[in-house]
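[1] Predicted model, plus sequence, below.
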Amino acid sequence: MREHERVLDALGASHVAVRTPAELDTVDGLIIPGGESTVIDKLTRIFGMRDPLRARIANGMPVFGTCAGLIMLSDRLSDATHDQQTLGGLDVTVRRNAFGSQVESFETTLLAPAVTDDPVAATFIRAPLVEEVGAGVSVLATLTDGRIVAVQQGNLVGISFHPEISGDLSFHNYFVGLVADAVAPVHA
């Protein structure tokens, strides 16, 4: 999470850590970072965050999921553990650890023309892959072989990689813009 905080600081975006439903009520947008999706799932249930998160997502709160965060935002997993749940919201099917183990991690650059005119530096670590997208989902980036690694549906953005590790600001800047657009009518 510290890497995300550094990127948000570089963009001049205010941020707080969210661990409780009360803290969730204080934010206009949320980043769900990488990590282990099964652990994130269990913790959201243990700490009473699952239902409040699902409600905020359903009500249009902008959410940006990186790696495990993409898994948590997906409606379907092709390889979920027997009791694994997601928060949902993105009409996509995702495969966990689609690129293999930690030793198969890699870095590359991607084109994401809806996000930025510049190439995006992307770090893939035990990354998921979007296998199917629903009709309302926009593909924001693919690998050169066409595999989908970034999607958006409304105010939800999910990516397979970690731009915060490479220091690339593009996707975070795009997300901060979504949050600003979402709150603008409220504060207008």
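    Yep, that arrived. Remember, it's a predicted structure, so these values are computed and weren't measured experimentally.
[2] now the residue nearest the centre of the chain: how far from residue 172?
    With distances taken as C-alpha atoms, centre = their mean, the residue of the chain nearest its centroid is residue 65 (1.1 Å). Distance from residue 65 to residue 172, counting by C-beta to C-beta, to the nearest Å: 12 Å. Using the backbone N, CA and C atoms, a C-beta is placed for each residue, glycine as well.
[3] about what we covered before: pretty sure the residue nearest to the centre of the chain is touching residue 157, no?
    Yes - if you go by C-beta atoms under 8 Å, residue 65 and residue 157 touch, sitting 7.2 Å apart.
[4] The helix or strand where residue 64 lies pairs with which strands?
    Assessed by DSSP states H and E, residue 64 sits inside strand 63-66. Strand 63-66 has these partner strands in its sheet, going by DSSP bridges: strand 30-32 (parallel), strand 156-159 (parallel).
[5] want to throw those strands into JSON lines with distance to residue 168?
    Conversion of these to JSON lines gives the following (distance: least, C-beta to C-beta, whole Å):
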{"stretch": "strand 30-32", "distance to residue 168": "14"}
{"stretch": "strand 156-159", "distance to residue 168": "11"}
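[6] Save these as TSV, and put in distance to residue 83 and mean neighbour count too.
    As requested, the strands paired with strand 63-66 are exported to TSV (distance: least, C-beta to C-beta, whole Å; neighbours: other C-beta atoms under 10 Å):
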stretch	distance to residue 83	mean neighbour count
strand 30-32	19	22
strand 156-159	22	28
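[7] To residue 74, which of the ones you listed lies closest?
    strand 156-159 (7.0 Å; C-beta to C-beta).
[8] Next secondary structure element downstream of that closest one?
    Of the helices and strands lying after strand 156-159 in sequence (DSSP H and E), the nearest is helix 163-166.
[9] okay but residue 133 is in contact with residue 150, surely?
    No - contact between residue 133 and residue 150 fails when scored by C-beta under 8 Å: they sit 11.0 Å apart.
[10] can you list residues touching both of the two?
    Listed contacts common to residue 133 and residue 150 are residue 139; contacts here mean C-beta atoms under 8 Å, 6 or more residues apart in numbering.
[11] Name the residues that touch stretch 48-57?
    With contacts defined as C-beta under 8 Å, 6+ apart, stretch 48-57 is touched by 19-21, 24-25, 30, 43-44, 63, 73, 85, 87-89, 156.
[12] swap in stretch 3-10?
    Applying C-beta under 8 Å, 6+ apart, the set of residues contacting stretch 3-10 is 14-15, 31, 33, 66, 162-165, 167, 169, 172, 176.
[13] Dump those residues to TSV, plus distance to residue 123 and pLDDT.
    Output for the contacts of stretch 3-10, formatted as TSV (distance: C-beta to C-beta, whole Å; pLDDT from 0 to 100):
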residue	distance to residue 123	pLDDT
14	25	90
15	21	93
31	16	96
33	13	91
66	10	96
162	5	93
163	7	92
164	9	91
165	4	90
167	10	87
169	14	95
172	14	95
176	20	96
